[in-house]
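K.L.:
Pasted the sequence and its predicted model underneath.
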Amino acid sequence: MKELVLLPADERPVHLRDPQLLADVVGARVRLPPTDLLPHGRQPGDAAALAGWLEEATADVDTAVVSIDGLCHGGLLASRLTCQATEAVLARLAVLRRLRRERPSLTLDAYAVVTRLPDLDDATEEPGYWAEHGTALARWSRGLHLGDRAGLAAAAAEVPSAVRGDVARRRLRNHALLLATLALASDGVLDQLVLSADDTAPVGLPAAEAAWLDHWVSALGSPPQVERYAGADEIAGVRVVRALRGAAEHPQIAIVDLPGLDRIAPYEAVPIRDTARAQIRAVGGRPVHEPRDADIVLVVLPPEPEGDWALAPPAPDEGRDACHRWLADRIAALVHDGAWVALADTAFPNGGSPAVVERLVEHGVLGALGGYAGWNTAGNSIGSALAQAVVGRGAAGPGSAHERLLVHRLVEDLGYMTEVRPAVRRERAAAGLPTEPGTPTEAAALASTVARHLSGALAGLGELEQRWRLAEERTSLVWGGTFACDIEVVSTDG
């Protein structure tokens, strides 16, 4: 059995469960750190112990996929929340140099994320001052990037200088880490490096820092092992697939040309077409123009101008649904012609389009998709759908691990994010309760409610519901809140 090591960005299922589900498709195994070393919500993981684990875990494998945020900060949230000194964070890269020196045949694949700067007065995943100053900090960030003195002065006046200074120091530390990691790739320590940007915008400090990274990548001669694109939470799964399929496999991938692919999706800084091309490169694919020439056909449901299934659920729109059904008709035609289709639903962040899936069920082709994803950001969805399509070629079929992963994504992205999450929030509001559970006990009770709702969501998946069911007792809320849930799909045969 092929086995590789993964040091993840944090303990969320997307970083632990999803890579293993992808590996299951080809009968491989992902070796993960002990859970007691990983972060727990806002509590950082044990960075020193994780480095020690990495050295031990790689003794008998040939590939390691390493989150730089997990290794050096103790987690992705820790990269935003902790006040660790720059020199302490940078020192943790030393383990990668030791591994390269002591195990020269080990393939080291690393990824790191440009620190986000959300335009929200919400401190759930940020330092506490974000609850009061988040949107003003975003205006300050844009002013800095644009050199807008008047706008910068106005935004700065809204935020205490101590807060602005803290944000700047954290970002400087984190940017220094990204540059040091890039230097590792330039020195040959890393075989592959992804420098990504997630939950960003065309203007602001994250975009500026991404441009600085692009400058150094270009100055270094654009090393082929360094990739820069929009994404974050999907990267572990994508890199696992890349490692399992091997550097020599380069599936030909065509993007179906649709109106709207030149739009910039929310939380991203470049047109969706550019994000799709970058994700094709990330999975090791080679772009081709015609679907008939492709091993994989990527269909990207283009972003709509407004709406977010988590923050501002879109109102019903028959015209939009008609367009989505038309697209589903095109997908069905491609499937009937023998195409292996990956569907990335980026119409709205944080969920998928019911109209597309309902129409695919009517055509009887939902279970024949190569991949499906419609969650979080556009980059997350495109990368996830492509990773599944790449790993599933030749390994699909009724009852397969590939089909299980397809059902899992449909239940989580469409069933939970689009339908169940808004429903349980409305129920709580109608009962006079806060949107989010306040205690672990309350979160566990809400998870049971979510599980009952989700079992009903399986009923809309056509023939797939006959082979798969939700293990209701294993449903839980990630970080005790409603933004994401952890589910398990199991065979109805036992």
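P.N.:
Now that the structure is in, tell me what you want to look at. Numbering: from 1, shown residues only.
K.L.:
Who are the packing partners of the one helix or strand in the chain whose mean pLDDT sits lowest?
P.N.:
Every helix and strand of the chain was ranked by mean pLDDT, DSSP states H and E. The lowest is helix 149-158, at a mean of 90. Helix 149-158 makes packing contacts with helix 130-146 when contacts are defined by 3 or more C-beta pairs under 8 Å, 6 or more residues apart in numbering; DSSP states H and E. C-beta: built from backbone N, CA, C; applies to glycine.
K.L.:
Next, the buried residues of stretch 13-33.
P.N.:
For stretch 13-33, burial by neighbour count (16 or more other C-beta atoms under 10 Å) applies to 13-26, 28, 30-33.
K.L.:
quick one on the thing from earlier: hmm, who's touching the least confident helix or strand of the chain?
P.N.:
Residues from elsewhere that reach helix 149-158, judged by C-beta atoms under 8 Å, 6 or more residues apart in numbering: His133, Ala136, Leu137, Arg139, Trp140, Arg142, Gly143, Leu144, Arg164.
K.L.:
got the angle between that helix and helix 130-146?
P.N.:
160 degrees (axes from the mean of the first three to the mean of the last three C-alpha atoms, to 10 degrees).
K.L.:
Pull the distance from the next helix or strand after helix 149-158 to the chain's centre.
P.N.:
Under the assignment DSSP states H and E, the closest C-terminal helix or strand after helix 149-158 is helix 161-186. Remark: helix 161-186 is offset 22 Å from the chain centroid, using C-alpha atoms, centre = their mean, to the nearest Å.
K.L.:
Which elements pack onto helix 161-186?
P.N.:
Other helices and strands packing on helix 161-186, by 3+ C-beta pairs under 8 Å, 6+ apart, are helix 68-73, helix 86-91, strand 107-114, helix 130-146, strand 192-197, helix 205-219.
K.L.:
can you redo the ones you listed as JSON lines with mean pLDDT?
P.N.:
Formatted as JSON lines, the helices and strands packed on helix 161-186 follow (pLDDT from 0 to 100):
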{"stretch": "helix 68-73", "mean pLDDT": "98"}
{"stretch": "helix 86-91", "mean pLDDT": "98"}
{"stretch": "strand 107-114", "mean pLDDT": "98"}
{"stretch": "helix 130-146", "mean pLDDT": "96"}
{"stretch": "strand 192-197", "mean pLDDT": "96"}
{"stretch": "helix 205-219", "mean pLDDT": "97"}
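K.L.:
Deepest in the core, which of these is it.
P.N.:
For those, the largest average neighbour count (mean count of other C-beta atoms under 10 Å) is found in helix 68-73, namely a mean of 28.
K.L.:
So which residues make contact with it?
P.N.:
7-10, 38, 44-45, 47, 50-51, 54, 75-76, 78-79, 82, 84, 89-90, 92-93, 95-96, 110-113, 177-178, 181.
K.L.:
again with stretch 312-321
P.N.:
Stretch 312-321 is contacted by residues Glu304, Glu306, Gly307, Ala347, Phe348, Ser353, Ala355, Pro422 when judged by C-beta under 8 Å, 6+ apart.
K.L.:
Buried residues, it. List them.
P.N.:
For stretch 312-321, the buried set under the neighbour-count rule, 16+ other C-beta under 10 Å, comprises Pro313, Pro314, Arg320, Asp321.
K.L.:
Read off the pLDDT value for the third one.
P.N.:
In the predicted model, Arg320 carries a pLDDT score of 96.
K.L.:
The one 5 residues further on now?
P.N.:
The score at Arg325 is 97. That number is its pLDDT.
K.L.:
what number of residues lie near it?
P.N.:
16 (other C-beta atoms under 10 Å).
K.L.:
Just give the nearest non-adjacent residue to it, would you?
P.N.:
Arg359 (4.5 Å; C-beta to C-beta, 6 or more residues apart in numbering).
K.L.:
Find the nearest non-adjacent residue to the spatially most central residue of the chain, please.
P.N.:
Residue closest to the average C-alpha location in the chain (C-alpha atoms, centre = their mean): Asp233, at 2.6 Å. Excluding the flanking residues, the one nearest Asp233 by C-beta to C-beta, 6+ apart is Val14, at 4.8 Å.
K.L.:
part of a helix, is the one you found?
P.N.:
Yes - looking at Val14 with DSSP: H, G, I helix; E, B strand; the rest coil, it is inside a helix.
K.L.:
OK, contacts around it?
P.N.:
Asp233, Glu234, Ala236, Gly237, Ala484.
K.L.:
nearest to Glu290, of those?
P.N.:
Glu234 (26.4 Å; C-beta to C-beta).
K.L.:
Is the closest one in contact with Gly379, as I believe?
P.N.:
Yes - using C-beta atoms under 8 Å, Glu234 is in contact with Gly379, at 6.9 Å.
K.L.:
Between those two, point out the one with more neighbours.
P.N.:
Gly379 (32 against 29).
K.L.:
Secondary structure element holding that one?
P.N.:
Going by DSSP H and E, Gly379 is in helix 378-392.
K.L.:
average pLDDT across the helix or strand that that helix is followed by?
P.N.:
The helix or strand immediately downstream of helix 378-392 is helix 401-409, counting by DSSP H and E. Mean pLDDT, helix 401-409: 98.
K.L.:
now Leu244, nearest residue through space, not along the chain?
P.N.:
Nearest residue to Leu244, sequence neighbours excluded (C-beta to C-beta, 6+ apart): Ala28, at 5.3 Å.
K.L.:
Quick check on the one you found: phi, psi?
P.N.:
Main-chain dihedrals, Ala28, degrees, to the nearest 10: phi -110, psi 170.
K.L.:
For the residue lying closest to Ala471 once chain neighbours are set aside, give me phi and psi.
P.N.:
Excluding the flanking residues, the one nearest Ala471 by C-beta to C-beta, 6+ apart is Glu488, at 4.4 Å. When quoted as degrees, to the nearest 10, the phi and psi of Glu488 stand at phi -140, psi 130.
K.L.:
Kindly report the same for Pro287.
P.N.:
Main-chain torsions, Pro287, degrees, to the nearest 10: phi -70, psi 140.
K.L.:
ok, and the closest non-adjacent residue to it?
P.N.:
Nearest residue to Pro287, sequence neighbours excluded (C-beta to C-beta, 6+ apart): Ile280, at 5.5 Å.
K.L.:
Check Ala368 too.
P.N.:
Ala368 sits nearest to Val335 (C-beta to C-beta, 6+ apart), 5.1 Å away.
K.L.:
Residue ranges in this protein under the pLDDT threshold?
P.N.:
Applying pLDDT under 70 to the chain flags residues 247-248, 494.
K.L.:
Relative to its centre, which residue of it is most distant?
P.N.:
Outermost residue of the chain (C-alpha atoms, centre = their mean): Ala150, 36.1 Å.
K.L.:
State the distance from that one to Ala157.
P.N.:
11 Å (C-beta to C-beta, to the nearest Å).
K.L.:
Then Ile272?
P.N.:
Applying C-beta to C-beta to Ile272 and Ala157 gives a distance of 36 Å.
K.L.:
the more surrounded of these two?
P.N.:
Neighbour count, other C-beta under 10 Å: between Ile272 and Ala157, Ile272 has more, with 26 against 10.
K.L.:
A helix includes the residue nearest to the centre of the chain, no?
P.N.:
No - per three-state DSSP, Asp233 lies outside any helix segment and is coil.
K.L.:
Let me see the contact set for it.
P.N.:
Ala9, Arg12, Val14, His15, Asp198, Asn376, Asn380.
K.L.:
Please repeat the previous calculation with a cut-off of 7 Å.
P.N.:
Counting by C-beta atoms under 7 Å, 6 or more residues apart in numbering, Asp233 makes contact with Val14, Asn376, Asn380.
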